[in-house]
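Visitor: below are the sequence and a predicted model for it; my questions follow.
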Amino acid sequence: MKTYTNTGSKDTRSGFGAGLTELGRTNPNVVALCADLVGSLKMDQFIEENPERFFQIGIAEANMMGIAAGLTIGGKIPFTGTFANFSTGRVYDQIRQSIAYSDKNVKICASHAGLTLGEDGATHQILEDIGLMKMLPGMVVINPCDYNQTKAATLAIAEHHGPVYLRFGRPKVANFTPENQTFEIGKAVHLTEGTDVTIVATGHLVWEALEAAKVLNEKGISAEVINIHTIKPLDANAIIKSVSKTKCIVTAEEHNHLGGLGESVARVLATNKPTPQEFIATNDTFGESGTPAQLMEKYGLNSEAIVKACEKVIQRK
Amino acid sequence: MANTQQLEDITTQVRRDILRMVHKVNSGHPGGSLGCAEFFVALYNDIMDRKDGFDMDGIGEDLFFLSNGHISPVYYSVLARAGYFPVDELNTFRLINSRLQGHPTTHEKLPGVRIASGSLGQGLSVALGAAQAKKLNGCNHLIYSLHGDGELQEGQNWEAIMYASGKKVDNIIATIDLNGKQIDGATDDVLPMGDVKAKFEAFDWTVIEVKDGNNMDAILKGMAEAKSKTGQGKPVCVLLETMMGNGVDFMMHTHAWHGKAPNDEQLASALAQNPETLGDY
């Protein structure tokens, strides 16, 4: 089985910051907006190098989304930055009307998504954002898995014309995908080849899926791990092709099972190739305070949970 | 540049367009549309420096954003009469497969429209973004926007109003249609607005008042004054006092025609008060 090495844990938000800094140097149309969370979003370097292309909006996310929409009129490519909760639920109608329905080239960049925000608790731990964003016509939804991939995704979305939701997180997590990789929106990444079960994971759960695959391998179970960094448009062919071989699937995400990656995969399978599926996701619940590791364990979002789900779904074949 | 009589003739035709559009589909918002007819005609035929044709970025010209999108009939009529799309297309207002949706949208690629509006309170933020883009592009043209007075009840406006002065966005002229009415009645009954002028001034905007917002000369004078106040470190607001339903006697002095179409008899009466000037579509 192909294995991956953590080259040094880093936060995905820093990958965003690094990507934004690079865009500041290479693309004069890229502008950045922030609602009073510059440090959290790692935007400092971009701001230092391009003060005239940075807009500090203050704590006014609705206004930020509207201003971003307006900035596209004149050819700018705005990247908005705030926490995932304030990037989506708080400003849903602003995104819906002024950005998505208006076909505006805005990149909504959302940090601190999911439970791994940790101690701040449920007010800030949005587990519904993928669902909210994927329901908007024309919206691309991306949830990269590590620092390197988040940086690559940040660069890639500047080249895509149209609204994008880019979701990343707060904690330091394993950094294992190649540096300076090419990021292809909507293209699944096969991480391991397997024959007994497919694990489709997104975001922080990709590394957990690889850890689970190692454990499964020791148990004689061959798992095929696919990194779905783009939830919409979903790489349906990659999923169908994999389950044609493995005949069962586990989806894994740091999100509610309602509205997340798992549901998108289930729709693809139900309409193309009905397949037993287990969901690693939160179960229609809010989060709570705790360390990221404690929360991921309590809510069943770690490698142990993925191993169990794989064993269960194999029984259902 | 058109003279006042020519602008008033266009306005009369625009009123006819508005009335016929909403009558045909028995829906739409004639009251606010009629109240702002003079303003739109002045804007597109005198005040704004516009390029021929339409491109989304609008570099090298003044831009307009309509925040209270429900007054789409006046917007569509004035855009068509200004040459953005064929006047005959007004026939398709609110019909299936039309570019003239109930509320304006870019989604159907209608020339002249740069943002969807209808869900209220969002237009000022968008206009500010476009104003910032103009500055980044070194484009000295202005951004104009229009907002309902009832619309100011939406909180996002006040985020934007605070931002505009705080960040010295001084290439924008935001006009508030002060007609004192909203769907459920007088704004003072629904949610009293208080002193709108004092509120804008408290947020450090330059405020120009146009007391007769249905008088062409008053509009031209007020907007010229507003234009002279741009570029001075402050955003500019025009408080335009209008009469909802202006130009049709039975639609004035009431909020009843906010979102209601006239029947055949009422249409005939309304059109008789506004004889054809440029030719009906």
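Guide: Noted; the coordinates are in hand.
Visitor: what about the closest residue to chain B within the stretch 201-317 of chain A, distance to A:V268?
Guide: The stretch 201-317 of chain A approaches chain B most closely through A:K232 (18.6 Å), counting by CB to the nearest CB. From N, CA and C alone the C-beta is placed, and that goes for glycine too. In this view, A:K232 and A:V268 are 12 Å apart by CB to CB, to the nearest Å.
Visitor: what's near enough to touch the closest residue to A:Q125 other than its chain neighbours?
Guide: Spatial nearest neighbour of A:Q125, excluding adjacent residues (CB to CB, 6 or more residues apart in numbering or on different chains): A:G287 at 3.8 Å. By CB atoms under 8 Å, 6 or more residues apart in numbering or on different chains, the contact set of A:G287 is A:114-115, A:117, A:121-122, A:125, A:127, A:295, A:299.
Visitor: redo that, cut-off 10 Å
Guide: By CB atoms under 10 Å, 6 or more residues apart in numbering or on different chains, the residues touching A:G287 are A:114-118, A:120-127, A:254, A:295, A:298-299.
Visitor: in helices, which of those residues fall?
Guide: A:295, A:298 (DSSP state H).
Visitor: how close does the nearest residue to B:D88 once chain neighbours are set aside sit to A:G220?
Guide: Leaving aside its chain neighbours, B:D88 sits nearest to B:Y281 (5.3 Å; criterion: CB to CB, 6+ apart). According to CB to CB, B:Y281 and A:G220 sit 76 Å apart.
Visitor: between those two, which is the more surrounded one?
Guide: A count of neighbours by other CB atoms under 10 Å in any protein chain shown puts B:Y281 above the other of B:Y281 and A:G220, at 17 against 7.
Visitor: you'd agree that one is up against B:L100?
Guide: No - here B:Y281 does not reach B:L100: they are 11.6 Å apart, not a contact under CB atoms under 10 Å.
Visitor: which neighbours do these two share?
Guide: B:21, B:80, B:89-91.
Visitor: give me the subset of those lying in helices.
Guide: Using DSSP H, the subset of the shared contacts of B:Y281 and B:L100 located in helices is B:21, B:80.
Visitor: most neighbours among the shared contacts of B:Y281 and B:L100, please name it.
Guide: The most crowded member of the shared contacts of B:Y281 and B:L100, judged by other CB under 10 Å, is B:M21 (26 neighbours).
Visitor: what is the burial count for the closest residue to that one other than its chain neighbours?
Guide: Here the nearest residue to B:M21 in space, its sequence neighbours aside, is B:F93; by CB to CB, 6+ apart that works out to 4.3 Å. Using other CB under 10 Å, the number of residues around B:F93 comes to 24.
Visitor: now do the contacts for B:F93.
Guide: B:17-18, B:20-22, B:24-25, B:27-28, B:72-73, B:76-77, B:99-102.
Visitor: what secondary structure does the most far-flung residue of chain A relative to its centre sit in?
Guide: Residue farthest from the centre of chain A, counting by CA atoms, centre = their mean, is A:G220 at 30.4 Å. Reduced to three states with DSSP: H, G, I helix; E, B strand; the rest coil, the structure at A:G220 is coil.
Visitor: who's in contact with it?
Guide: By CB under 10 Å, 6+ apart, A:G220 lies in contact with A:D196.
Visitor: leaving out sequence neighbours, find the closest residue to B:D264.
Guide: B:H23 (7.7 Å).
Visitor: what about that neighbour, which helix or strand?
Guide: Assessed by DSSP states H and E, B:H23 sits inside helix B:4-25.
Visitor: quick check: buried residues in that helix?
Guide: B:6-24 (16 or more other CB atoms under 10 Å in any protein chain shown).
Visitor: next SSE downstream of it?
Guide: Where DSSP H and E defines the elements, the next helix or strand beyond helix B:4-25 is helix B:30-35.
Visitor: confirm for me that A:F286 is in contact with A:L295.
Guide: No - between A:F286 and A:L295 there is no contact under CB under 10 Å: 11.4 Å.
Visitor: would you list every one of the strands in the stretch 201-317 of chain A?
Guide: Assigned by DSSP state E, counting those that start in this stretch, the stretch 201-317 of chain A shows strands spanning A:223-227, A:230-232, A:249-256, A:277-282.
Visitor: equivalent analysis for the stretch 51-200 of chain B, please.
Guide: Per DSSP E, counting those that start in this stretch, the stretch 51-200 of chain B carries strands over the ranges B:63-66, B:143-148, B:172-178, B:181-182, B:185-186.
Visitor: nearest to chain A, out of these?
Guide: Of all the strands of the stretch 51-200 of chain B, strand B:63-66 sits nearest to chain A, with 7.1 Å by CB to the nearest CB.
Visitor: please compute how far that closest one lies from its chain's middle.
Guide: Here strand B:63-66 is found 8 Å from its chain centre; the criterion is CA atoms, centre = their mean, to the nearest Å.
Visitor: buried residues, stretch B:198-215. List them.
Guide: Across stretch B:198-215, burial judged by 16+ other CB under 10 Å covers B:199-200, B:203, B:205-208, B:210, B:213-214.
Visitor: next one: that stretch to chain centre, how far?
Guide: Centroid separation for stretch B:198-215 versus its chain: 16 Å, with CA atoms, centre = their mean.
Visitor: dump that stretch to CSV, keeping only the CA atoms.
Guide: Output in CSV follows, covering the C-alpha atoms of stretch B:198-215 (Å, rounded to 0.1, in the frame of the first residue of the first chain):
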residue,chain,number,x,y,z
ALA,B,198,-29.4,63.8,10.6
LYS,B,199,-28.6,60.1,10.5
PHE,B,200,-26.5,60.4,7.4
GLU,B,201,-24.8,63.6,8.7
ALA,B,202,-24.1,61.8,11.9
PHE,B,203,-22.3,59.1,9.8
ASP,B,204,-20.3,62.0,8.2
TRP,B,205,-21.9,62.0,4.8
THR,B,206,-22.5,65.1,2.7
VAL,B,207,-26.2,65.4,2.3
ILE,B,208,-28.1,67.2,-0.5
GLU,B,209,-31.8,67.6,-0.2
VAL,B,210,-34.1,67.7,-3.2
LYS,B,211,-37.5,68.7,-1.8
ASP,B,212,-39.4,68.3,-5.1
GLY,B,213,-38.0,65.0,-6.4
ASN,B,214,-40.5,64.9,-9.2
ASN,B,215,-39.5,68.3,-10.6
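Visitor: how about the helices of the stretch 51-200 of chain B, start to end?
Guide: Under the criterion DSSP state H, counting those that start in this stretch, helices of the stretch 51-200 of chain B are mapped to B:72-81, B:123-136, B:156-166, B:187-190, B:196-202.
Visitor: B:P235 is nearest to which of those helices?
Guide: B:P235 sits nearest to helix B:156-166 of all those, at 4.0 Å, using CB to CB.
Visitor: export only the CA atoms of that closest one, formatted as PDB.
Guide: Extracted in PDB, the C-alpha atoms of helix B:156-166 (Å, rounded to 0.1, in the frame of the first residue of the first chain):
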ATOM      1  CA  GLN B 156     -26.700  46.100   6.100                       C
ATOM      2  CA  ASN B 157     -27.200  49.700   4.900                       C
ATOM      3  CA  TRP B 158     -25.800  51.100   8.100                       C
ATOM      4  CA  GLU B 159     -22.800  48.800   7.900                       C
ATOM      5  CA  ALA B 160     -22.200  50.300   4.400                       C
ATOM      6  CA  ILE B 161     -23.000  53.900   5.500                       C
ATOM      7  CA  MET B 162     -20.500  53.600   8.300                       C
ATOM      8  CA  TYR B 163     -17.900  52.100   6.000                       C
ATOM      9  CA  ALA B 164     -18.300  54.700   3.200                       C
ATOM     10  CA  SER B 165     -17.400  57.600   5.400                       C
ATOM     11  CA  GLY B 166     -14.900  55.800   7.500                       C
END
